[in-house]
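# Turn this into a structure:
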Amino acid sequence: MQAPSVGGVMLPRGNGQAVRLSRGASLTDFAEKINANPASLVGVMMNLGEMVTATQSVPDETLRMLADEMNFVLEIVSPEEEDRELLESFDIEFGEDEGGEEALVSRPPVVTVMGHVDHGKTRLLDAIRKTNVVAGEAGGITQHIGAYQVGAEVNGEDRRITFIDTPGHEAFTAMRARGAKSTDIAILVVAANDGVMPQTIEALNHAKAAEVPIVVAVNKIDVEGADPTKVRGQLTEFGLVAEEYGGDTMFVDISAKQGLNIESLLEAVVLTADASLDLRANPEQDAQGIAIESHLDRGRGAVSTVLVQRGTLRIGDTVVVGDAYGRVRAMLDDNGQNVQEAGPSTPVLVLGLTNVPGAGDNLLVVDEDRTARQIAEKRAARERNANFARKGVRFSLENLDEALKAGLVQELNLIIKGDASGSVEALESSLLQLDVGEEVDIRILHRGVGAVTESDINLATGSDAIVIGFNVRAAGRAEQMADREGVDVRYYSVIYQAIEEIEAALKGMLKPEYEEVELGTAEIREIFRSSKLGNIAGVLVRSGEVKRNTKARLLRDGKVIAESLNISGLRRFKDDVTEIREGFEGGINLGNFNDIKIDDVIATYEMREKPRG
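Have a look, this model is predicted:
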């Protein structure tokens, strides 16, 4: 069976056949898959009301519409699948330990510290570092590279633990979104005086979604009003039952400020890792790992903190990290010391990359520079196509109304960044309480303290969100990134101004509500016949006024005889007029409707948009 022809060319019918395409594919890519002429697909798209060239990147929804029209089933390949297929084409297996059981050796656990703002995450990380500063290094400058290793003595044995301390840990979500498991254990920090807060639950849900064991650090036990028992009780509701209550979660009471019980916390991490996880990797294979954070250094170019997950990374290795590649020129540990190699679970700062990779990009060592360049270029091209396909679908507060009418959006997604947790929570609370009816939803995708970052813009790009900065600005390359991606970033310093603008935008998104407003009534006194216009009613306007081009209904003995009639003509004597007022006589033409009788009443009305309260 053939599809209808376009320009005389018969198109193939899919009959439910599956077509696999990557994000941002073009009509030419689609045509190759189904053995059709790209120009004919352009014709099909024109028939569907879409102007698309053969070679431009097309959004997934548009490709699906085309596939449905031709009875094909479209499968969009996920970024993870694309990457796996790309690496397989170079005979590279990512995420696998080579060799048998005998090749695997124990590796340190990788830990992420999570929790509510102001509960002491950063102070805890500082306290852990201070207790582990090597003698003779106290006067040296330690270098923040986003991750570091510390030592802990457990049962008389020296053990190592790797901490990832990227602020806010954007990497945690970015890595999980790409299917990469970067963290083995999460430390959930809860203040003993505050207890469980909204962000505590959010962090807990992140950790559970990543399926990592949790150790709870009950911080600020030295503060007045501290109640560690209350924290244990609250967390029981969320499935974290302390060992002393018969559960399997280790709770450690600490004071990051005083440095109390830090060693006990490290011991709890090691014991949890030993009990719940089999942490082993092969140090002999080519290195594979993940980028934690990266930036452009004025003196050293693109630098990236990478966590080696398996294998050993050495100076001189050719690596590819996301769409960046290069030869490892130098590696530094968190103390700024040059290192020659880094084994499993070791974080190092890598120099020598062509550009800055993103958080969560995977690192792998390849045999040749040429292979690294080809993989990086294909990844970059793929990402570029996906971005081009997304262009033009961004929303700002000004165009939400059009977006809703076009069926592109049913809810307003927001990302809120502020200078303090209090103001962020106040703004979020106020926005969520806006009453704009049931038709439009408002969703806070993310909120945080600090400048608007590239991570925020990334999230906004992927979810068509608007970013609100309250007493903060965009940091680093986030401003340029927002411009490039078309993300609407709004800055406010007065909380009411932010609320008013968002409320106005939400009301603009609502479909308008109309109400009927009666304009006037006219009683038919005579009927005039016209060969050209049909029946014309000679009327006396009883109330209000009758206007031309308004709606009318015809009443006979108080009953409605006809609805939605049009006042298509109005005359007074021989003149055409636009309105006739109460007490005056005139002639009314109801267009094609001619079933009128003397004593009928013409009631006119118009539909007016109701203002939103």
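
# May I have the phi/psi pair for residue 215?
Main-chain dihedrals, residue 215, degrees, to the nearest 10: phi -110, psi 130.

# Looking at it now. What's its pLDDT?
As predicted, residue 215 sits at a pLDDT of 96.

# Could you report the neighbour count for it?
Residue 215 is flanked by 23 other residues according to other C-beta atoms under 10 Å. Glycine gets a C-beta too; all of them are placed from N, C-alpha and C.

# cool, and the one 5 residues further on?
As a burial measure, residue 220 scores 25 neighbours (other C-beta under 10 Å).

# Over to residue 328?
Residue 328, neighbours per other C-beta under 10 Å, totals 22.

# Need the phi and psi values for it.
Phi and psi for residue 328, reported as degrees, to the nearest 10, are phi -70, psi 110.

# what's the answer for the one 3 residues further on, then?
Note on residue 331: its backbone torsions stand at phi -130, psi 140 [degrees, to the nearest 10].

# That one: what's it in contact with?
Contacts of residue 331 were listed using C-beta atoms under 8 Å, 6 or more residues apart in numbering, and they are 313, 315, 338-342, 348-351.

# do residue 354 as well
Applying C-beta under 8 Å, 6+ apart, the residues near residue 354 are 302, 324-326, 376.

# In helices, which of the residues you listed appear?
residue 376 (DSSP state H).

# Of the contacts of residue 354, which pair is most distant in space?
Farthest pair in the contacts of residue 354 (C-beta to C-beta) is 302 and 376. Separation: 12.2 Å.

# Looking at the contacts of residue 331, which is nearest residue 382?
Using C-beta to C-beta, residue 350 is the member of the contacts of residue 331 that sits closest to residue 382, with 23.1 Å.

# now the closest one, what's its secondary structure?
Classification of residue 350 using DSSP: H, G, I helix; E, B strand; the rest coil returns strand.

# Show me what it bridges to in the sheet.
Residue 350 has these beta-bridge partners by DSSP bridges: residue 304, residue 331.

# close enough to count as contact, it and residue 301?
No: Residue 350 lies out of contact with residue 301 (C-beta atoms under 8 Å); the separation is 11.0 Å.

# of the two, who's got more company?
In this view residue 350 and residue 301 are compared by other C-beta under 10 Å, and residue 350 has more residues nearby, 30 against 15.

# give the contact list for the more buried one.
Applying C-beta under 8 Å, 6+ apart, one finds that residue 350 lies in contact with 303-306, 313, 319, 321, 328, 330-331, 363.

# And the pLDDT at the residue lying farthest from the centre of the chain?
Largest separation from the mean C-alpha position in the chain: residue 526, at 67.2 Å (C-alpha atoms, centre = their mean). On the pLDDT scale, residue 526 is placed at 93.

# Please state the backbone phi and psi of it?
Dihedral angles for residue 526 - degrees, to the nearest 10 - are phi -150, psi 160.

# To what extent is the closest residue to it other than its chain neighbours buried, counted in neighbours?
Of all residues beyond its chain neighbours, the one nearest residue 526 is residue 538 (3.5 Å), with distances taken as C-beta to C-beta, 6 or more residues apart in numbering. Neighbour count of residue 538, defined by other C-beta under 10 Å: 17.

# mind giving me JSON lines with the contacts of residue 354 and columns for distance to residue 45 and neighbour count?
As requested, these are exported to JSON lines (distance: C-beta to C-beta, whole Å; neighbours: other C-beta atoms under 10 Å):
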{"residue": "302", "distance to residue 45": "40", "neighbour count": "19"}
{"residue": "324", "distance to residue 45": "36", "neighbour count": "25"}
{"residue": "325", "distance to residue 45": "37", "neighbour count": "24"}
{"residue": "326", "distance to residue 45": "41", "neighbour count": "23"}
{"residue": "376", "distance to residue 45": "33", "neighbour count": "22"}
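
# Since that was my last question, I'll sign off now.
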